[in-house]
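[1] no sequence on this one, just coordinates:
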């Protein structure tokens, strides 16, 4: 009996571990390409005009976001209809990984090629995340979704931290630091490989055009179903505002620290490392807290901390206070996203997990278009980034109001 009990646990453990490692690997794309390095290389080397470089970088990111917005719910429906989540995960992850290697070969004047690779990589990154998230309820045992989601987010932030540490040693100058792209591509591929091996498709009878047709049919029905599920409908509205504010904080953080608080590059780099550490701890801790008090209550607590942290950033000028408040924001940065993923994994109907995660991705990507525009417009017109930060407070408050209206279910042990 002991042998029979232990036999089925091994593949489950392998699936869980491989799923967690993917979070670590994909963080290298986010940190190296989108946040810390390639954006600088693109502006200073590829374009060599900072103002024009910002515009072209916005074109690349916005284009990728628009494609992801259009494809994520459709592909989610197709994945559920045809049982091909792993196939789509592998395909889009491969696109993202190959784009990182391709960016190594970009150079001065190659704006079009660089924009194409960044956009393709970002599309692959975001869409692969849709199918990656949809595996969570399959691999988790009852009652462990919150904990696994928190650990996954935590490993993602640790992956970003490792990328930052490697950049500190490898990137001595922007123009001469391209080798970090090869390491990032290799790290993403190595840590994604176990998921490609151990996560499994569950093919259904629908294939080819039949799966696509069924996917579109289910997509239309899902719109109606989301409206009929009051808790998920209100939750998605609330998370629209919350994710909008969070994505804007991420995009403009370094700009705010350098331009408004006059941080040096080393100070900003050190602060990013602190935030990565605190975000990893917050993501893991949020899973424990959600198990004790419930996922929705945990999300509401993180929103309150966001509101208070941003108020402090607006009110205080000292570097020490900004460091402390940034660490607080880092804690809830991981916690908010991890618990939101847990909530969707728990509440989405069986057989439609990928579709609902697709809609969640859809809403966050649509939101990410507006927040940065709002922040940039206020900052440029008023020449006062603190007022722009105040606009984010409005988004968090709206998110809190809607989230507090989501029906709370009894806590499961």
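    Everything's here; your move. The model shown is predicted, which means the values in this text are computed figures rather than measured ones.
[2] which residues does the residue nearest to residue 278 when sequence neighbours are not counted contact?
    Excluding the flanking residues, the one nearest residue 278 by Cβ to Cβ, 6 or more residues apart in numbering is residue 330, at 3.4 Å. Placement of C-beta: from N, CA and C, glycine included. If a contact means Cβ atoms under 8 Å, 6 or more residues apart in numbering, then residue 330 has 274, 275, 276, 277, 278, 279, 282 as its contacts.
[3] If burial is judged by neighbour count, which of the residues you listed pass?
    Burial by neighbour count, judged by 16 or more other Cβ atoms under 10 Å, picks out 275, 276, 277, 278, 279, 282 from the contacts of residue 330.
[4] Could you save the residues you listed as a markdown table and add columns showing distance to residue 193, pLDDT and secondary structure?
    As requested, those are arranged in a markdown table below (distance: Cβ to Cβ, whole Å; pLDDT from 0 to 100; DSSP: H, G, I helix; E, B strand; the rest coil):
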| residue | distance to residue 193 | pLDDT | secondary structure |
| --- | --- | --- | --- |
| 275 | 28 | 85 | helix |
| 276 | 24 | 79 | helix |
| 277 | 26 | 82 | helix |
| 278 | 29 | 85 | helix |
| 279 | 25 | 80 | helix |
| 282 | 28 | 83 | helix |
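[5] which among these gets closest to residue 187?
    Compare each of the buried ones among the contacts of residue 330 with residue 187 using Cβ to Cβ and the shortest gap goes to residue 276, at 15.0 Å.
[6] what's near enough to touch that closest one?
    Residue 276 makes contact with 157, 158, 160, 161, 164, 330 under the criterion Cβ under 8 Å, 6+ apart.
[7] ok so, going back, now distance to residue 398 too, for the contacts of residue 330, in CSV please.
    Below are those laid out as CSV (distance: Cβ to Cβ, whole Å):
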residue, distance to residue 398
274, 29
275, 24
276, 28
277, 30
278, 25
279, 23
282, 22
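[8] quick one: which of those residues is nearest to residue 246?
    Sorting these by how near they are to residue 246, with Cβ to Cβ, puts residue 279 at the top with 11.0 Å.
[9] How about that closest one, nearest residue that isn't a chain neighbour?
    Counting by Cβ to Cβ, 6+ apart, the nearest residue to residue 279 once its immediate chain neighbours are dropped is residue 334, at 3.8 Å.
[10] Surely that neighbour is in contact with residue 155?
    No: in this structure residue 334 lies outside contact range of residue 155 using Cβ atoms under 8 Å: 10.4 Å.
[11] can you list residues touching both of those two?
    When Cβ under 8 Å, 6+ apart defines a contact, the residues bordering residue 334 and residue 155 alike are residue 280.
[12] Looking only at neighbour counts, state which of those two leads.
    Counted by other Cβ atoms under 10 Å, residue 334 and residue 155 do not tie: residue 334 has more neighbours, with 26 against 21.
[13] and that one, helix, strand or coil?
    In terms of secondary structure, residue 334 is helix; the call rests on DSSP: H, G, I helix; E, B strand; the rest coil.
[14] That one and residue 348, how far apart?
    The span separating residue 334 from residue 348 equals 22 Å under the rule Cβ to Cβ, to the nearest Å.
[15] go on, residue 391?
    In this structure, residue 391 lies at 31 Å from residue 348, with Cβ to Cβ as the measure.
[16] who's more crowded, those two?
    residue 348 (23 against 16).
[17] what about the closest residue to the more buried one other than its chain neighbours, which helix or strand?
    Of all residues beyond its chain neighbours, the one nearest residue 348 is residue 356 (3.7 Å), with distances taken as Cβ to Cβ, 6+ apart. Element membership of residue 356 [criterion: DSSP states H and E] is helix 353-382.
[18] Having no further points to raise, I will conclude here.
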